[in-house]
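Undergrad: A predicted structure for the sequence below; I have some questions about it.
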Amino acid sequence: NAGVMQNPRHLVRRRGQEARLRCSPMKGHSHVYWYRQLPEEGLKFMVYLQKENIIDESGMPKERFSAEFPKEGPSILRIQQVVRGDSAAYFCASSGQGLSYNEQFFGPGTRLTVL
Amino acid sequence: GQQLNQSPQSMFIQEGEDVSMNCTSSSIFNTWLWYKQDPGEGPVLLIALYKAGELTSNGRLTAQFGITRKDSFLNISASIPSDVGIYFCAGLWGTDKLIFGTGTRLQVFP
């Protein structure tokens, strides 16, 4: 399966705990994007990363949220001290180079539930 | 901020019927994308549009990029039960950020 992979698919955390969401882009893709989706809504952009660089984090909450895309390994979205309002589906997308750069392909998402 | 409005919000149609949905924006976009999302899954890219006025087909799907670059429509011909899902338009803002529409929920009855 050469698609975007995300894990875990479902994550349950208690208030105050940390959540770590992982994303492996499609083979050959070096651009990673994170989006958040609340029930019955469209996806909202959070952050755009390339290897070892955050390019655009204009959609990231200022506190508790961070993202990285290290030289080796998957991209990580980290939420510290989770609150109930963080409950949502978090999607990762990736894109390639050249003409396909603008086409973002999405993973299956991680559904975070904060108790 | 940028906002994309999709209409209709939901549609209930008979199998075999054609479907049309559209997406409008107050801002200009240089790239429009149409996605379909099934329950519990991520959005799947259906069609990408790059030029104003462009008409692109993918099987039974046809999408057009409006001349003003502020709107787009998606048509599905001869609908089948597996077309059920939520259809999202998305405009590319700048070089990296997708702005998603509010979605059109499609239900197909046999």
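TA: Sure thing, it's come through.
Undergrad: where's the one residue sitting closest to the centre of chain A, which helix or strand?
TA: Note on chain A: the residue nearest the mean C-alpha position is residue A:34, at 3.5 Å, using C-alpha atoms, centre = their mean. Secondary structure assignment for residue A:34, by DSSP states H and E: strand A:31-37.
Undergrad: elements contacting that strand?
TA: In terms of contacts (3 or more C-beta pairs under 8 Å, 6 or more residues apart in numbering or on different chains; DSSP states H and E), strand A:31-37 is packed against strand A:43-50, strand A:75-79, strand A:88-95, strand B:97-100. The C-beta positions use only the backbone N, C-alpha and C, and glycine is treated the same way.
Undergrad: Export those as TSV, with columns for mean pLDDT and mean neighbour count.
TA: Shown next, in TSV, are those (pLDDT from 0 to 100; neighbours: other C-beta atoms under 10 Å in any protein chain shown):
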stretch	mean pLDDT	mean neighbour count
strand A:43-50	95	22
strand A:75-79	98	20
strand A:88-95	96	24
strand B:97-100	92	23
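Undergrad: Can you add distance to residue B:61 and give those back as TSV?
TA: Putting the helices and strands packed on strand A:31-37 into TSV (distance: least, C-beta to C-beta, whole Å) gives the following:
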stretch	distance to residue B:61
strand A:43-50	20
strand A:75-79	30
strand A:88-95	20
strand B:97-100	18
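Undergrad: hmm, back to that, grab the nearest non-local neighbour of the residue nearest to the centre of chain A.
TA: residue A:46 (4.4 Å; C-beta to C-beta, 6 or more residues apart in numbering or on different chains).
Undergrad: No further queries at this time; thank you.
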